[in-house]
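Novice: My questions are about this predicted structure, shown below with the sequence.
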Amino acid sequence: MVDGSRSACSAVTREGKPCSARPRPGSDRCPWHDADLTEQRRAWSARGGSSRSNTARARRRLPDGALTVDELRGVLGTALKDVLAGRLEPGPANAAAALARSYLAVSEASAVESLERDVAELRDLIAARGSA
Ligand SMILES: [Zn+2]
């Protein structure tokens, strides 16, 4: 089948399971199993280590204006001292505390998503190597 409409690669992994990667357009095999891409795969593997770790670092980097956990800790520590010293009203301090909790929850969810993507990527690589 070369109509490109297949939903999964036709190759079988070393464990005997069908490859679940998406086939290339016009092929029934994914980039890892397509015989036409053997040379390119070698090039990808050669530079894979460095580009993958760069991607992982970029994913972990927060967008401009975002706070690291240490920065957030510093802001909250200052706010706490200000509340105790009477320089900051409890109302705004409560609002800041609620926002900080939300901020941490979103940061944790984002970190989990990033890990899930890395695990999926590693599974695909292991499956591809298993049948190469
Ligand atoms: Zn495949």
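Specialist: Perfect, thanks for sending it.

Novice: Get me the contact residues on the protein for the ion.
Specialist: Cys9, Ala11, Cys19, Ala21, Cys30, His33 (Cβ under 5 Å from the ion). Using the backbone N, CA and C atoms, a C-beta is placed for each residue, glycine as well.

Novice: can you confirm the fifth one is in a strand?
Specialist: No - counting by DSSP: H, G, I helix; E, B strand; the rest coil, one finds Cys30 to be coil, located in no strand.

Novice: So what does Val12 look like in phi/psi?
Specialist: phi -120, psi 140 (degrees, to the nearest 10).

Novice: In contact with Ala100, which residues?
Specialist: Leu72, Val75, Leu76 (Cβ atoms under 8 Å, 6 or more residues apart in numbering).

Novice: can you redo those residues as CSV with secondary structure, pLDDT and neighbour count?
Specialist: Below are the contacts of Ala100 laid out as CSV (DSSP: H, G, I helix; E, B strand; the rest coil; pLDDT from 0 to 100; neighbours: other Cβ atoms under 10 Å):
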residue, secondary structure, pLDDT, neighbour count
Leu72, helix, 82, 16
Val75, helix, 85, 13
Leu76, helix, 87, 15
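
Novice: What's the mean pLDDT across the helix or strand harbouring Tyr103?
Specialist: Assigned by DSSP states H and E, Tyr103 belongs to helix 90-130. The pLDDT scores in helix 90-130 average 88.

Novice: Please tell me how far Leu99 sits from Ser20.
Specialist: 41 Å (Cβ to Cβ, to the nearest Å).

Novice: Please identify the helix or strand for the residue lying farthest from the centre of the chain.
Specialist: Largest separation from the mean C-alpha position in the chain: Gly86, at 43.1 Å (Cα atoms, centre = their mean). Using DSSP H and E, Gly86 is not contained in any helix or strand.
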